[in-house]
Structures are given as C-alpha cells and as structure tokens.
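**Q** Fold the following for me, if possible:
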Amino acid sequence: MTNLKRNTVYLHLFGINRMIDTRILERLSKRAQSPLSVCMITALTYGVFLLVRLGVHHFDLGAFVVAGDHFCNAAEMPAPISVAKDSDGYDGQFYYRLALNPFTRERLDYGILLDSPSHRQQRILYPLIVWILALGNAHWIPTLMVMVNYAGLCALAYLAALYARGMGISPAWGLVVPFFPGFVLTLSRDLVEITAMTAVMTGILLARHNRRCAAAALFTLAVFARETTLLIPLSYFAASLIGGFRQGQPDPTSPHRIKLAASAPYLAPLAAYIVWQLHLASVWGNTPLAANKSSLSIPLAGLCQSLLSAIPPTQDFHQGLLLFHILCITLFALMVIRSLTREDILSPHGIAWLGYLLLVASFSANFLWSNDWNYIRGLSEFCIIGSLLLIKSPYRLWCLVWTPTFLYYLFLRTDIIHAMLSRIR
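**A** Residues are numbered from 1 along each chain as shown. The predicted structure follows:
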C-alpha cells in the first residue's frame, strides 16, 4: 500500500479528482520522447501538410514542380505537368528536368531549358535518387520527387533525435531540425536542401562514432546535393588539425600524428567536389562558381543594403517580413555565439557554424536577400548547425525563435489558407 501511494498522484481536471499511477506517466513520457516518436511527429505534421496542399492543387503532384512557361514547354514534356503562363517558375522545374536525365549534356531537352546548367547539375544527388527510383518511368517522377523529400524529413527527424539523445538531452529537441522553416519550402517546391541535410546528419552521427570513412562518404554525397555543405567535412579536418597543433607533435609516430592522418578522409569531399567542378566545366564551358560569381559581396554589404531598403517600413508586407527575419537571424546568431565555449569554437560544428556565419553575411542583396524563398533556404546549414550547438547549451529554448516562421510557411506562405478561403468564398 505504501508503494502504491508513493507512485500515485491526484489529477484535478474539470472538477474531477483522478488517481494516476506515475509509473504509467513515466512510461508514456519515455515513449513520447523516443527517436521513433520524434520521427512519427514529423511524419504526421508534414503528412497532413502534404494532404492539404495536394487537396488545394486537386491532388496534382506535378504542381510541386512549379514549372513556368519561360523555361518549360508543356507540349514537349514527357509527363503532364502544370505549367504556369507568363512565369519563370521555380528551381524545382530544373531538378525535375535532371531527374529525367541526370547526366544530360543538353541545355534544352524534354521541353525544359536549364537556366544555368553547370549550377543546376552540380546539385545532382536529389534528382539522381529520383531517377534511380523511377526506373525510367517519367510519369513516376513528380510523385517520387515529393516522396523522397518527405522520407528525407522523417529520416532527418530520427537522426536529429538520436543526436540529441547522444548529447544527454531529450530526443524531442531533435524536432528543431526537421521543423526548420526552410524545409517547408523545400518540400513544397521539389528542392534539394532536405536531401543535403539528411546526408549531413548521417555523416555527423557516423563521425561521432569514429567511423570517419563512412562519415566522409556521406559528407561527399551531401556536397553533390548542395555544394555549401562542403564547409562541414572541412571543419572536421580543421578541428583535427587544430587539435594536433594544440597538443604538439614532436614525434612523427605520436598518437596525435596518427589521429591527424586518420582524419584525412574528411578531405575526400573536397577532392570529389574539385573533380566534379572540372567535369562540369568541360561539359558546359564554365564552372558553377563562375556562373554565380555575383552571389557574394563584401561581408554585411548585401544584408545592409536589403535592410536599408526595408526601412522605414511601408505597406509592403515582404519588407516587414524581411525585417522580422533579420531580427530572428540576429537573435539566433547572438544566442549561438553566447552559448559557444572555447571547446565549441574549436570543434567541427563551431568552426563550420562560424564559416556559415561569414558566408551568410557575404551573400549579395540580389542573390539571397531579395526574396524570402531564397534566404530562408539559404540559411539551412547556418541554422541546422547552429541549432546542434544551441540545443546542448542552457540557451536551447532560443532554437524556438524560428517557430513563428515555421508556422507562417506551413500555413500561409505556401498558399494553403489563401486557396482554402478562396474556395469557401
């Protein structure tokens, strides 16, 4: 009887007293905070989002491609895809084209013109996965493009929960990764960020278990999905290099030299990236870096230019949205900096995040800051790596600074509410 009293609590709910065994609550709490539960929450959230968005678009998965007639000719496309009139469309149309033939050497094929062939083809992993799964059936590709991203989000949630549990905190904190607002946009328009970050998270977990070659292989795949992820494996190598110099290496056979040599696999993504850039240059006549040479500017110049254009606030909603997002970015960056210890700064994630901070600050106004679809997705590595640093600190609640933006994109920016209201009217 004593044990029963010790393990029971009284719950007063709506005027009714109920005795509850706390051991049942503990079991439910543990199950709710398992990596599998985090994965299921993510699957349910985005599953409902997909169903509603499909309903808005009459269950046409081709609408996720967001094709425009400036680059796409519906009459020549191998599968029926909705093509908007007098529109540039969006980047998903180019990944759809590559999913039809990832190793194409033609700028115009299947009725779709690649706007910047070398830049698009350098991010080949996502369309390559879809192409493999489609087994040559072009009609499957629109569905597979959505499903690959959806499966990637579920996998990303599970991996992030495993990471959080390994850091000694609740796996539920792993939700900050799949619920990054940019992934709503990626899922909505058949883009590459989910694939890239899933490969990165897998590589991070493998690296934490000292499986360097496997981690380097996953980081290499991430680079083929999104070239900006290259900073992460280079940061792992740099962290080993800094650690070796701090310890001192007077003896060539010392354990520190051996450890440094063991970190050499983290240079494999760089080697693969260089080879791939040379191949793209030979095919298209220029490298992706040359094609996007206007994307970078003096640090903070592009951000300040965009900020000044939005001040004072006008009736333009997007200017107000830019100001709000700049505030969120600033608060997030300041709290990550506040949370960094000396060990964090010299860790792979600390080095990578500081690199992404410099990269984000150096993007030009026209390249990134002119459109929220651009800068929210462009912040992917900056926010995800920053969140991994933040969730293990006492300031982890600041990860939730992105929650209003996530809800905004989930319900409003992706035109779901607008379309539903239009139907009601």
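**Q** Distance-wise, check Leu357 relative to Thr330.
**A** To Thr330, Leu357 is 11 Å away according to C-beta to C-beta, to the nearest Å. Any C-beta I mention is one placed from the backbone N, CA and C, and that applies to glycine too.
**Q** tally of neighbours for the spatially closest residue to Gly111 that is not a sequence neighbour?
**A** Residue nearest to Gly111 in three dimensions, not counting chain neighbours: Glu76, with 2.9 Å by C-beta to C-beta, 6 or more residues apart in numbering. Glu76 has 11 neighbours, counted by other C-beta atoms under 10 Å.
**Q** from memory Glu76 sits against Asp109, does it?
**A** No: the pair Glu76 and Asp109 fails to qualify as a contact (C-beta atoms under 8 Å) at a distance of 9.1 Å.
**Q** how is this structure carved up into domains?
**A** 1-32, 33-191, 210-286, 296-420 (automatic domain parsing).
**Q** Highest mean neighbour count out of those?
**A** Of all these, domain 33-191 carries the top mean neighbour count, a mean of 20, counting by mean count of other C-beta atoms under 10 Å.
**Q** End to end on it, go ahead and measure it.
**A** Using C-alpha to C-alpha, to the nearest Å, the end-to-end distance of domain 33-191 comes to 30 Å.
**Q** which stretches of the stretch 1-150 of the chain have low pLDDT?
**A** Low-confidence segments of the stretch 1-150 of the chain, defined by pLDDT under 70: 1-32.
**Q** All the strands of it, residue numbers only.
**A** Applying DSSP state E, counting those that start in this stretch to the stretch 1-150 of the chain gives strands spanning 8-13, 16-21, 67-68, 83-84, 108-109, 112-113.
**Q** What strands line up against the third one, and which way round?
**A** By that I understand strand 67-68. Note on strand 67-68: by DSSP bridges, its sheet partners are strand 83-84 (parallel).
**Q** Give me the contact list for the strand it pairs with.
**A** Outside strand 83-84, the residues within contact range by C-beta atoms under 8 Å, 6 or more residues apart in numbering are Val66, Ala67, Gly68, Asp69, Cys72, Asn73, Ala74, Met77, Gly89.
**Q** of those, closest to Pro181?
**A** Set against Pro181, the nearest of these by C-beta to C-beta is Val66 (17.9 Å).
**Q** Look up phi and psi at the nearest residue to that closest one once chain neighbours are set aside.
**A** Among residues not flanking Val66 along the chain, Tyr90 sits closest, at 4.0 Å (C-beta to C-beta, 6+ apart). With angles defined as degrees, to the nearest 10, Tyr90 sits at phi -150, psi 180.
**Q** and Tyr90, what does it touch?
**A** Going by C-beta under 8 Å, 6+ apart, Tyr90 touches Val66, Gly68, Arg189, Trp373.
**Q** do Ala155 as well
**A** Cys39, Thr198.
**Q** Measure how far the helix or strand it falls within is from the centre of its chain, please.
**A** Take DSSP states H and E as the rule and Ala155 turns out to sit in helix 141-166. Offset of helix 141-166 from its chain centre (C-alpha atoms, centre = their mean, to the nearest Å): 10 Å.
**Q** And stretch 77-93, by the same measure?
**A** Computed by C-alpha atoms, centre = their mean, the chain-centroid distance of stretch 77-93 equals 24 Å.
**Q** Repeat that for stretch 223-232.
**A** Its chain's C-alpha centre and that of stretch 223-232 lie 11 Å apart, by C-alpha atoms, centre = their mean.
**Q** Straight-line length of that stretch, end to end?
**A** End-to-end distance for stretch 223-232, by C-alpha to C-alpha: 10 Å.
**Q** So which residues make contact with it?
**A** Here stretch 223-232 makes contact (C-beta under 8 Å, 6+ apart) with 122-126, 128, 192-193, 195-197, 199-200, 203-204, 219, 222, 233, 269-270, 272-273, 276, 288, 348, 352, 355-356, 359, 380-381, 385.
**Q** just checking, which of those residues belong to helices?
**A** Taking DSSP state H, the ones among the contacts of stretch 223-232 that sit in helices are 122, 125-126, 128, 193, 195-197, 199-200, 203-204, 219, 222, 233, 269-270, 272-273, 276, 288, 348, 352, 355-356, 359, 380-381, 385.
**Q** Give the residue spans of the stretch 301-425 of the chain that score low on pLDDT.
**A** The model of the stretch 301-425 of the chain has pLDDT under 70 over residues 307, 309-310, 312-318, 365-370, 413-425.
**Q** if I look at Asn73, how far off is Ala67?
**A** From Asn73 to Ala67 the distance is 10 Å (C-beta to C-beta).
**Q** Find residues that contact each of the two.
**A** Shared contacts of Asn73 and Ala67 (C-beta under 8 Å, 6+ apart): Val83, Ile112.
**Q** Please name the residues that touch the closest residue to His70 other than its chain neighbours.
**A** Excluding its sequence neighbours, the residue lying closest to His70 (C-beta to C-beta, 6+ apart) is Asp88, at 4.9 Å. Neighbour list for Asp88: Gly68, His70, Phe71 [criterion: C-beta under 8 Å, 6+ apart].
**Q** Can you tell me which of these lies closest to Tyr150?
**A** Taking C-beta to C-beta as the measure, Tyr150 lies nearest Gly68 of those, at 23.9 Å.
**Q** I am finished for the moment; much appreciated.
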